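**Q** Predicted model and sequence below, questions to follow.
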Amino acid sequence: MNGLSDTSQTLSLMAFTAVATVTLLLCVMTGPDRDDLDEFYTGYNSLSPMRNGLAIAGDYISAATVLGTGGVIALYGYDGVVLALSTALSLMLLMFLLAEPLRNAGRFTMGDAFARRMPGRKVRIAASLVTLAALLPLMLVQLAGTGQLLSFILGFSGESVQTGCIVGVGALMISYAAIGGMKGTAFIQMVKMVMLLGSGAVVAVLMLNRFDWDPGALFGAAAAQSGVGDAFLRSGLQFSGGPYPELDMVSSQLAVVLGGACLPHVTMRMYTASSARQVRRSMSWAVSTVALFVLVITVVGFGATALIGRAALAQADPQGNSAYLLGSQAAFGAEVSTAETFLFTAVTTALFLTLLASVAGMILACANSLAHDVYATRRRETSGRQEMALARISALAVGIPAVLLATLVQHRSLQPLVTVSFCIGASALAPALVYSLFWRRYTRTGLLWTLVGGTLSVFLLLPGTNLVSGSPHSAFPEADFNFFPFTTTGLVTVPLGFALGWLGTLASGRGKAAEQRRQYEAVEGWILAGAVRKN
C-alpha cells in the first residue's frame, strides 16, 4: 500500500482526468490550423523568450529527471546533488557554446544543422537514426513509469491495470505530438513547469519549516537517518560498490553534462526562436528555471531522507524513484489538512503532466526527424501538406512501438535505458555538433563515423555494466555477463566519439578536407553570426 488516503486518491484521479482533457484541448486550440511546415515545426517562432525558455526547461526536465534525480539525492546525498548540478551545467554549456550556432545552422531538425554544410541524404538518415536511438529508450522509461506512478498514487494493483494505464496515456501523448505540433507541445511544457516548480517550491518551504529554516539542521538530520553517517554528505557513496568509484563518478558526470542538453528533443527548441538575441534570452530563462528546480529537488530529496529514513525509501523503491512523492507527503506531518491534501494532489498532478509532456516532446522530435530528414528528402516535390501528414503518421509509427515496448519492460530496472540515452547524446551527438559547427575541415565521413561509431560503441559497452546484469538491482539480476568496470560508458565512448570524427576526417584525405573547409567558410557567417538565415 502507498499510504494515501481515499480522499487523496479520488482527488488525484479527478485532477489527472481534468489535466488530460484540458491539455488535449489546449493542443487542439494552439496546434497548426493549416498545412504550413513552419507553423507545425516551429510555431512561426511566435513564442516569447520567457515562454520558449519555460518550454526548453520543460523538455529538459523529464519525469526521469524529477523522480530519478530526487531518488539519487535521497539515497546518496552529496552524489545526488552533484548529479542535479550537472544537469544545470549541461544546459549552461548548451547556452554558451551551441545554442546560437545551432539555431542559425538548422531549420526544423538536427539533420538540418548537419546538412547545412554537408548536404546529402546519408547525413540526414544517420541523424534521424541517432535521434531515434537516443530518444526511444528515454520514451520507454517515461511510459513504463506512467503505470508505476499511477498504481503508486491511485492504489491500483495488477499488471493488467498498469499495462492499461501505459496504453491509455501513450495514446494521449501521441495525440499531443500529432495534433499540437511544436506550439501545442510548448504550451503543455509551460504549464508543466509552472505546476512542477510551484508545487515543489511549496513542499520545499514546508520541509525547511520543519527544520526551523536551518539547511544545516536538514542536512544533519538526513545524514543521521541515512545509516552511513557523514559519508552521506561526502562524495563517493553512490559508486562505492564498484572497483573504481572515482572514475565511475567522472564517467557518469561526463555523460550527463555533455549528453543531457544535446538530446534532439531539447535542441529542436532552438529553432523556435526568431533571432539570435531571442535564443540567448530563451536560454537564460531555461537555465534559471532549471537552477530553481535543482534547489527545490535538493531540499525535497534531503527532506525525504531526514523524515522517512534512507532504509525505508530504499525498501519502497531500490532506485529511490518514489522518494520525491514520499518526501512531499512526509512534509505535511501526521495530521494532513484539507489544504495539504489539495497541495499533494497538485504535486502528483504535476508529475503526471511531466510524464505526458516529456514523451510528447520526444515523440514530436522523432516524428519530425523521420518526416523531414528521411521521407521528405526522398522526393524534391514533397509539398507542405504531404510532409505534415508524414509527420503525423510518423508520430504514430514512433509512438505505438514505444508503448508496446514499454509494456514489456515495465517490471525491469529502467536505469540502463536512461543511461543509454545520455551516453548517446554525449558520445555521438555532442562530438558531431561541436565538430560540425566549429571545425572547418570536418568532413562527411568524419560526421558519419562520429554518429554511427559513437552510438554503436554505447550499445556494445553498456550491456557489460552492472546496470544490465551482475547486481540485485540490475535489469537482469538473475544473469551476470558484466565485463565493463563502470556504471556508464562515458569515460570511454565520449573520447572515442571525438576520436572517430577526427579519424574519419583524416581518412577522407586532404582534398576532401580542403573542400569541406571551403564549404564551411561559405556558411560560416550564417552559423556563427547569423548573418543570413537561409530557409
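**A** Yes, it's here.

**Q** For stretch 447-460, what does the pLDDT average out to?
**A** What stretch 447-460 shows for mean pLDDT is 96.

**Q** what's the first-to-last distance across it?
**A** Between the opening and closing residues of stretch 447-460 there is a gap of 20 Å (Cα to Cα, to the nearest Å).

**Q** helices and strands around the helix or strand of the chain with the lowest mean pLDDT, which ones?
**A** Averaged element by element with mean pLDDT, DSSP states H and E, the chain has its least confident helix or strand at helix 37-42 (a mean of 72). Helix 37-42 is packed against helix 181-210, helix 384-409, with contacts defined by 3 or more Cβ pairs under 8 Å, 6 or more residues apart in numbering; DSSP states H and E. Just so you know, the C-beta spots here come from the backbone N, C-alpha and C atoms, and that holds for glycine as well.

**Q** tell me the most buried of these?
**A** Sort the helices and strands packed on helix 37-42 by mean neighbour count, taking mean count of other Cβ atoms under 10 Å, and helix 181-210 sits at the top with a mean of 22.

**Q** Name the residues that touch the helix or strand just after it?
**A** Note on helix 181-210: by DSSP states H and E, the next helix or strand toward the C-terminus is helix 215-226. Here helix 215-226 makes contact (Cβ atoms under 8 Å, 6 or more residues apart in numbering) with 77, 207-208, 211, 229-230, 232-233, 299, 302-303, 305-310.

**Q** tell me the average confidence for helix 215-226?
**A** 93.

**Q** in that helix, what's buried?
**A** Applying a neighbour-count criterion of 16 or more other Cβ atoms under 10 Å, one finds 218-223, 225-226 buried in helix 215-226.

**Q** for the stretch 151-300 of the chain, which spans come out with low pLDDT?
**A** Within the stretch 151-300 of the chain, the segments meeting pLDDT under 70 span 157.

**Q** which of the contacts of helix 215-226 are buried?
**A** Neighbour-count burial (16+ other Cβ under 10 Å) is assigned, among those, to 77, 207-208, 211, 232-233, 299, 302-303, 305-310.

**Q** Nearest to F344, out of the helices and strands packed on helix 37-42?
**A** helix 181-210 (8.6 Å; Cβ to Cβ).

**Q** Remind me what that closest one packs against, helices and strands.
**A** Contacts defined by 3+ Cβ pairs under 8 Å, 6+ apart place helix 181-210 against helix 6-30, helix 37-42, helix 49-60, helix 215-226, helix 276-308, helix 323-330, helix 338-369.

**Q** State the distance from the nearest residue to F156 once chain neighbours are set aside to V492.
**A** Taking Cβ to Cβ, 6 or more residues apart in numbering, and ignoring the residues beside it in sequence, F156 has L150 as its nearest neighbour in space, at 6.3 Å. L150 sits at a distance of 38 Å from V492 (criterion: Cβ to Cβ, to the nearest Å).

**Q** The two: which is more packed in?
**A** Under the criterion of other Cβ atoms under 10 Å, the comparison of L150 against V492 puts L150 first, with 24 against 17.

**Q** From G200, how far out is that one?
**A** Applying Cβ to Cβ, one obtains 20 Å for the distance of L150 from G200.

**Q** check which helix or strand covers S421.
**A** When secondary structure is defined using DSSP H and E, the element that contains S421 is helix 415-424.

**Q** could you give the mean pLDDT of that helix?
**A** Across helix 415-424, the average pLDDT comes to 94.

**Q** With just CA atoms, put that helix into CSV.
**A** Extracted in CSV, the C-alpha atoms of helix 415-424 (Å, rounded to 0.1, in the frame of the first residue of the first chain):
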residue,chain,number,x,y,z
GLN,A,415,18.2,2.8,-15.3
PRO,A,416,20.0,1.2,-18.3
LEU,A,417,17.6,2.9,-20.7
VAL,A,418,18.1,6.3,-19.2
THR,A,419,21.9,5.8,-19.3
VAL,A,420,21.9,4.7,-22.9
SER,A,421,20.1,7.9,-24.0
PHE,A,422,22.5,10.2,-22.1
CYS,A,423,25.6,8.3,-23.3
ILE,A,424,24.5,8.5,-27.0
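
**Q** Which strands or helices does that helix pack on?
**A** Helix 415-424 makes packing contacts with helix 121-154, helix 245-259, helix 454-461 when contacts are defined by 3+ Cβ pairs under 8 Å, 6+ apart.

**Q** now those as a markdown table including distance to F486?
**A** Written out in a markdown table, the entries for these read as follows (distance: least, Cβ to Cβ, whole Å):
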| stretch | distance to F486 |
| --- | --- |
| helix 121-154 | 18 |
| helix 245-259 | 5 |
| helix 454-461 | 9 |
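
**Q** follow-up on the earlier one: starting from G168, give me the distance back to the residue nearest to F156.
**A** Using Cβ to Cβ, one gets 9 Å for the distance from L150 to G168.

**Q** Likewise for G53?
**A** 31 Å.

**Q** Settle it for me: which of the two has more neighbours?
**A** Taking neighbours as other Cβ under 10 Å, G53 and G168 compare with G53 leading, 27 against 15.

**Q** mind listing what that one touches?
**A** Applying Cβ under 8 Å, 6+ apart, the residues contacting G53 are 281-286, 288-289.

**Q** again, but for V452
**A** Each residue near V452 by Cβ under 8 Å, 6+ apart is listed here: 126, 130, 428.

**Q** Give me the buried positions along stretch 78-91.
**A** By 16+ other Cβ under 10 Å, the buried positions in stretch 78-91 come out as 78-91.

**Q** What residues of stretch 465-478 count as buried?
**A** 465-471, 474-476.

**Q** what do you get for stretch 267-283?
**A** 267-274, 276, 278-283.

**Q** end-to-end on that stretch?
**A** Chord length of stretch 267-283, first to last residue, is 11 Å (Cα to Cα).

**Q** How about residues contacting stretch 140-157?
**A** Counting by Cβ under 8 Å, 6+ apart, 1-2, 4, 9, 12-13, 16, 62-64, 67, 161-163, 165-166, 169-170, 173, 321-322, 325, 348, 351-352, 355, 358-359, 362, 402-403, 405-407, 409-410, 414, 417-418 sit against stretch 140-157.
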